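S.K.: What would the 3D arrangement of this be:
(one chain, ligands or ions: 2)
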Amino acid sequence: MILIEDIFDRHGLAALREAAAALPFEDGAASAGRLARQVKRNAQAGPGPARDAVVAQVEAALLRHPVFAAAARPKAFARILISRYGPGQAYGAHVDDALMQGARTDLSFTLALTPPEDYEGGALVIQDRVESRGFRLNAGELVLYPSDTLHEVQPVTTGERMAIVGWVTSWIRSPQHRDILFDLDTAIAAEEAGAGDREQLSRLARTRSNLLRLWAE
Ligand SMILES: O=C(O)CCC(=O)C(=O)O
Ligand SMILES: [Fe+2]
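M.R.: Ligands and ions are numbered 1, 2, ... in the order given. Now for the predicted structure:
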């Protein structure tokens with residue numbers, strides 16, 4: 001699981017929020033699997049060019065972000081939705097579909113558009129084998145988590161919670177492999193930033209390339 005705070009700058013975020021709020025919304029059940037539909041109570045932006053433009057903007061920002069790119073190794077976005085929860089709405093415990101529009105979902109993310117002061121409730125709670133962890137993200141903050149978890153959005157009691165939610169097909173299917181590559185990226189970036197030994201840097205870069213060749217699918 002990883003938190004990223006700065007996918008958009010303040011102006012970018014304000015523009016995105018405005019564009020998202022202007023979209024026509026429909027019942028969120030439209031995109032839920034059979035079991036999830038029974039517990040999904042929200043609204044989401046309906047199809048159309050205006051929604052596509054918002055989604056394209058989000059995709060571009062995510063692909064540009066070095067931490068997102070290193071943590072997710074995105075091959076494709078299986079789906080991106082703009083969702084909204086008003087008072088009484090919630091999304092009960094569910095697991096996300098393994099396949100969406102023909103693509104495998106490896107990672108899920110929520111990018112908050114509404115600041116937490118503007119609504120009550122609405123925490124995204126992700127279950128772990130040992131404990132559950134709740135997130136009430138700041139506007140512009142993103143949480144990236146494995147798609148195989150059980151998770152829920154607790155009922156919003158006042159105000160309105162708007163977010164971008166999406167699913168990533170990763171080049172690297174195994175979380176363990178992604179973690180190793182993430183560490184290598186961090187080490188290489190640190191070496192590059194310092195007065196790094198060129199030979200060590202080349203060796204690390206070669207190892208990263210070769211692991212990618214072994215593991216990418
Ligand atoms: O809104 C969120 O934070 C997550 C929503 C969710 O779990 C889903 O749409 O599958
Ligand atoms: Fe979900």
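S.K.: Quick check: residue 205 vs residue 186, distance?
M.R.: Using CB to CB, to the nearest Å, residue 205 is found at 13 Å from residue 186. All C-beta spots, glycine's among them, are computed from the backbone N, C-alpha and C.
S.K.: How about the lowest-mean-pLDDT helix or strand in the chain and ligand 1, any contact?
M.R.: Of the helices and strands making up the chain, the lowest-confidence element is helix 34-37, at a mean of 84, by mean pLDDT, DSSP states H and E. No - using CB under 6 Å from any ligand atom, helix 34-37 stays clear of ligand 1, with a minimum separation of 6.9 Å.
S.K.: What residues of that helix count as buried?
M.R.: residue 36 (16 or more other CB atoms under 10 Å).
S.K.: elements contacting it?
M.R.: Helices and strands touching helix 34-37, as assessed by 3 or more CB pairs under 8 Å, 6 or more residues apart in numbering; DSSP states H and E, comprise strand 90-94.
S.K.: other SSEs contacting the helix or strand just after the strand it packs on?
M.R.: Remark: after strand 90-94, the chain's next helix or strand is strand 99-100, criterion DSSP states H and E. With contacts defined as 3+ CB pairs under 8 Å, 6+ apart, strand 99-100 has these neighbours: strand 74-85.
S.K.: on that earlier part again, what's the least confident helix or strand of the chain in contact with?
M.R.: For helix 34-37, the external contacting residues (CB atoms under 8 Å, 6 or more residues apart in numbering) are 29, 91, 94, 95, 96, 97.
S.K.: Report the distance from that helix to the chain centre.
M.R.: 21 Å (CA atoms, centre = their mean, to the nearest Å).
S.K.: and if you look at stretch 108-128?
M.R.: With CA atoms, centre = their mean, you get 12 Å for stretch 108-128.
S.K.: Can I get that stretch in CSV, CA atoms only?
M.R.: Only the C-alpha atoms of stretch 108-128 are listed here, as CSV (Å, rounded to 0.1, in the frame of the first residue of the first chain):
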residue,chain,number,x,y,z
SER,A,108,-6.7,-0.3,-7.2
PHE,A,109,-6.4,3.4,-6.3
THR,A,110,-8.5,6.2,-4.9
LEU,A,111,-7.6,9.8,-5.7
ALA,A,112,-9.6,12.1,-3.4
LEU,A,113,-11.2,15.2,-4.9
THR,A,114,-13.1,16.4,-1.9
PRO,A,115,-11.2,17.6,1.2
PRO,A,116,-12.2,15.6,4.3
GLU,A,117,-13.6,18.6,6.1
ASP,A,118,-16.3,18.8,3.5
TYR,A,119,-18.0,15.5,4.5
GLU,A,120,-18.4,13.2,7.4
GLY,A,121,-17.9,9.4,7.2
GLY,A,122,-16.9,8.0,3.9
ALA,A,123,-13.6,6.4,5.0
LEU,A,124,-12.1,3.9,2.6
VAL,A,125,-11.4,0.9,4.9
ILE,A,126,-9.0,-1.8,3.5
GLN,A,127,-8.9,-5.1,5.3
ASP,A,128,-5.7,-6.8,6.2
